[in-house]
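*Asks:* Build me a structure from this.
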Amino acid sequence: MILISEDVWGAPFEELAERRPIHQDPNLWEDRNKLIEVIKDAQALVVRNRTKVTAELISAAPNLKVIARAGVGLDNIDIAAADRAGVVVVAGLGANAVSVAELTLGLALALSRNIASQDQMTKSGSWTRTPGSEISGKTWGLLGCGATGRATANLLKGFNCRVLGYDPFFSGNQEIQMVSWDELISQSDLISVHMPATAETIGSLNKDFFAQMKSSALLVNVGRGELINEQDLISALKEKTIAGAALDVRATEPPTVGELETLPNLILTPHIAGITKESQSAINKILVENIDLVLSGKKATHAVGKI
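*Replies:* I've put the predicted structure just below:
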């Protein structure tokens, strides 16, 4: 049985259901006890980012052979525990890079041209023509130069931006000039965040970080919400330490509405950067192909662990 514990579905899974039994419950991730009960019969588990695939959950699934992650982040899966249990972890890494890059650019344009606030004011009857800022010719900093960061740099070609990058695991290319952490923060007019949540990165965008940014700079986070100290961001936005920010990810998802949601120089979206019809179709195809391979005793093409 293939268990899907979140809102993952589409034509590839419909086709798979004709050949293999599937149990799909998009809200199962919320009921830990029920999840542990149901997973005992599963050979495959399909998740997004909400299901916490811990060593405990893996041990409760003696028949489990493969875990398929619909997305690129892997911080909700204990890959080491999966390796120890002989469970293959697969993910469609890179399949949604263009999707993430396009929203990154869209959020930056919305911030620089005040699109959200202009929309609200115009719909309320106002006709206030306030100036925005252009992105073209500016310096754009990429914190993280994996697939989504590089896809963003590719889209920026048409804007004639100077693109800086910081990533300990990437040496740069023709589009991205690698610099130090401090150089990127202080020199960039726009900063987009594409880093994973690790012990080194969690909370790294804090008071000191915002103090190093230009007061005119904009921040877009499409990486992980835990990277930002949200209280420090609130202070930076209220005090105009930075000009504005856009967050597609939050430290807690879904978040509790609070002071952050009241700030006029902030745009919020509900973790949709990687979710387009095109990217979801590509990811689902990869996951279904790899589930079939593993359950047929063959080697996965998109494994991310050691198994």
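
*Asks:* hey, let's count contacts and neighbours off CA atoms from now on
*Replies:* OK.

*Asks:* would you put the C-alpha positions of stretch 99-107 in PDB?
*Replies:* Listed in PDB are the C-alpha atoms of stretch 99-107, where the atom choice follows Å, rounded to 0.1, in the frame of the first residue of the first chain:
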ATOM      1  CA  SER A  99       8.600  28.000 -10.200                       C
ATOM      2  CA  VAL A 100      10.400  29.200  -7.200                       C
ATOM      3  CA  ALA A 101      12.500  31.600  -9.200                       C
ATOM      4  CA  GLU A 102       9.500  33.200 -10.900                       C
ATOM      5  CA  LEU A 103       7.700  33.800  -7.500                       C
ATOM      6  CA  THR A 104      11.000  35.200  -6.100                       C
ATOM      7  CA  LEU A 105      11.100  37.700  -8.900                       C
ATOM      8  CA  GLY A 106       7.400  38.400  -8.700                       C
ATOM      9  CA  LEU A 107       7.600  39.200  -5.000                       C
END
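
*Asks:* residues contacting the residue positioned nearest the centre of the chain?
*Replies:* If you average the C-alpha coordinates of the chain and look for the closest C-alpha using Cα atoms, centre = their mean, you land on Gly223, 4.5 Å from that point. Residues near Gly223 by Cα atoms under 8 Å, 6 or more residues apart in numbering: Val193, His194, Met195, Pro196, Ala197, Val249.

*Asks:* Tell me the spacing between the closest residue to Ala217 other than its chain neighbours and Ile67.
*Replies:* By the measure of Cα to Cα, 6 or more residues apart in numbering, the closest residue to Ala217 outside its immediate chain neighbours is Asp189, 4.6 Å from it. Taking Cα to Cα, to the nearest Å as the measure, Asp189 and Ile67 are separated by 40 Å.

*Asks:* Which strand or helix spans the residue nearest to the centre of the chain?
*Replies:* With secondary structure defined by DSSP states H and E, Gly223 is part of neither a helix nor a strand.

*Asks:* Spatially nearest residue to it, not counting backbone neighbours?
*Replies:* Using Cα to Cα, 6+ apart and skipping residues adjacent in sequence, the residue nearest Gly223 is His194, 4.2 Å away.

*Asks:* thinking the one you found is in contact with Gly144, fair?
*Replies:* Yes. With contact defined as Cα atoms under 8 Å, His194 and Gly144 form a contacting pair (4.8 Å).

*Asks:* Which of those two has more residues huddled nearby?
*Replies:* His194 (25 against 21; other Cα atoms under 10 Å).

*Asks:* check contacts around that one.
*Replies:* Counting by Cα under 8 Å, 6+ apart, His194 makes contact with Leu142, Leu143, Gly144, Cys145, Gly146, Thr148, Gly149, Asn221, Val222, Gly223, Arg224.

*Asks:* per-residue pLDDT, it?
*Replies:* His194 is assigned a pLDDT of 97 by the prediction.

*Asks:* got it, and Val294?
*Replies:* Looking at Val294 specifically, the model assigns a pLDDT of 97.
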